[in-house]
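Participant: Prediction below, plus the sequence it came from.
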Amino acid sequence: MLQQFDPRNADLIVNVGGRLVHRDKAGVSPFDSLVQGGDGVWEGLRLYDGKIFRLTEHLDRLADSAKAIAIAGVPSREEIVAEIRKTLEANGMRDGVHIRLTLSRGTKITSGMDPRLNQSGPTLIVLAEWKAPVYDKGGLTLQTSSVRRFPPDCLDPKIHSNNLLQSILAKIETNAAGADAALLLDRDGFLAECNGTHVFLVRRGEVLTSHTDACPEGITRQTVLDLCRSNGIPARPARLSLPEAYRADEMFCTGTMGELAAVTRLDGRTIGDGTVGAMTQRLTELFTAEVAASGEPILD
C-alpha cells in the first residue's frame, strides 16, 4: 500500500531542536547522529480532537529507549509536551494528525560512530502531519519476508530505534510481490511482526499475538490485549508458526499509523473466509471507544 500526498501538508511547520521551520527548510546537521548512524529513538503518536492517545505510554517508551542506548540530556516530559503543543498550534492542528517524535543523540564534532563525539544535543524533532489511519480496513494482503527480526541478543526490539533497515528491506520484497505489507519471522521461524505493525491471530475465539522478544512493546498492541482482558475475551502472547497463521479464523494487525486493520490474505492463502472477521470488528469498535474515552488533552 502506497500512501498518498495530502496537499494540506505542503506547508507544514516542523519543529527541529525547538525551532519552527517550513518543511522545505527543516533539517539536521550532516554531523547529527541520525545521519551518521541512525542513532536515535522515536515514537508515533496520534491526535484525536485535541487529545493524544496513550501519550504517557509513548513518552515512557521514548524515555526507556533513550536510557537503553545511553542518550544524555533527554528533555523532560514537560519540555517534550510543550514542543509537541507548540508544533500543533503552529500548524493549526486538532484532529486527524499523526506525530512523529524523534530524539537523536545530537551533533558530533566530527564524523564517526563514537558517542563521545556527540558534544551537543540531543536533538528533538516533532513532525506533525495531517494523516488519517493509513491501512485499508477492507482487508490487507501480507507476504512473508526472507528478512528475520533480530532477537534481544542481537538488537533488542524493546529499543524503539531509528534503525529501520530490516523493515525497509522487507518492504522492498513486499512491494515486488504486490502485497500490502511484509510479515517478518523471528530467528526460530515464529511470527514476529509486520514491517510496520504488530500482528494478531484469532483461533476458536481466542486472540493471540507474538511475544515482545522479537517485536517492539507496541502501545496499540497492549491496548488490544487490555481490551480483551476487560471484556472477557481470551487473549495471550504466544509463539506462533506460519501454519497457525494460515489456519487462523481471523488475522489483523495493529499500530498507531493504522489502528486495527484486518488481514485477509497471507502468502497467497485466504485467511478465514476472506472477509473482516467478527472479532476484528468487535475489537475495532472497542478500540474506537477507548480512544474517545481516554485520550490525554494537549490542546485547549
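Facilitator: Thanks, I have it. Residues are numbered from 1 along each chain as shown.
Participant: Who is the residue lying closest to residue 47 once chain neighbours are set aside paired with across the strands?
Facilitator: Using Cβ to Cβ, 6 or more residues apart in numbering and skipping the chain neighbours, the partner closest in space to residue 47 is residue 97 (4.0 Å). Using the backbone N, CA and C atoms, a C-beta is placed for each residue, glycine as well. Residues in a beta bridge with residue 97, per DSSP bridges, are residue 47, residue 130.
Participant: so what's residue 97 scoring on pLDDT?
Facilitator: For residue 97, the pLDDT comes out at 97.
Participant: Equivalent analysis for residue 1, please.
Facilitator: At residue 1, pLDDT is 66.
Participant: what's near enough to touch the residue nearest to residue 47?
Facilitator: The contact partners of residue 97, by Cβ atoms under 8 Å, 6 or more residues apart in numbering, come to 46-47, 88, 128-131.
Participant: From those residues, list the buried ones, please.
Facilitator: Neighbour counting by 16 or more other Cβ atoms under 10 Å classes 46-47, 88, 128-129, 131 among the contacts of residue 97 as buried.
Participant: Dump those to TSV, plus distance to residue 71 and pLDDT.
Facilitator: As requested, those are exported to TSV (distance: Cβ to Cβ, whole Å; pLDDT from 0 to 100):
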residue	distance to residue 71	pLDDT
46	24	96
47	25	96
88	24	98
128	22	98
129	25	98
131	27	94
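Participant: out of those residues, who's nearest residue 187?
Facilitator: When the buried ones among the contacts of residue 97 are compared for distance to residue 187 (Cβ to Cβ), residue 46 wins out at 31.6 Å.
Participant: and the longest helix along the chain, what does it pack onto?
Facilitator: Ordering each helix of the chain by length in residues (DSSP state H) puts helix 278-294 first. Contacting helix 278-294 under the criterion 3 or more Cβ pairs under 8 Å, 6 or more residues apart in numbering; DSSP states H and E are the following elements: helix 219-230, strand 250-255, strand 259-266.
Participant: in its sheet, what does the shortest one sit against?
Facilitator: Strand 250-255 has the following sheet partners, assigned by DSSP bridges: strand 198-203 (antiparallel), strand 259-266 (antiparallel).
Participant: To residue 180, which of the ones you listed lies closest?
Facilitator: That would be, of these and by Cβ to Cβ, strand 259-266, which comes in at 8.5 Å.
Participant: what residues does that closest one touch?
Facilitator: If you take Cβ under 8 Å, 6+ apart as the criterion, strand 259-266 is touched by 133, 135-144, 179, 183, 197, 199, 220, 224, 245-246, 250-254, 270-272, 274-277, 280, 283-284, 287.
Participant: now those: which count as buried?
Facilitator: Applying 16+ other Cβ under 10 Å to these flags 133, 135, 139-144, 179, 183, 197, 199, 220, 224, 245, 250-254, 271-272, 276-277, 280, 283-284, 287 as buried.
Participant: Residue 114: neighbour count?
Facilitator: By other Cβ atoms under 10 Å, the residues close to residue 114 number 8.
Participant: now it: how far from residue 29?
Facilitator: 17 Å (Cβ to Cβ, to the nearest Å).
Participant: can you check residue 230 too?
Facilitator: Distance, residue 230 to residue 29, using Cβ to Cβ: 47 Å.
Participant: which one of these two has more residues nearby?
Facilitator: Remark: of residue 230 and residue 29, residue 29 carries more neighbours, 17 against 10, as counted by other Cβ under 10 Å.
Participant: A helix includes the more buried one, no?
Facilitator: No. Applying DSSP: H, G, I helix; E, B strand; the rest coil, one finds residue 29 to be coil, outside a helix.
Participant: now it, nearest residue through space, not along the chain?
Facilitator: Closest to residue 29 by Cβ to Cβ, 6+ apart is residue 107, at 4.9 Å.
Participant: Contact partners for that neighbour?
Facilitator: Residue 107 touches 28-29, 31-33, 118-121, 123, counting by Cβ under 8 Å, 6+ apart.
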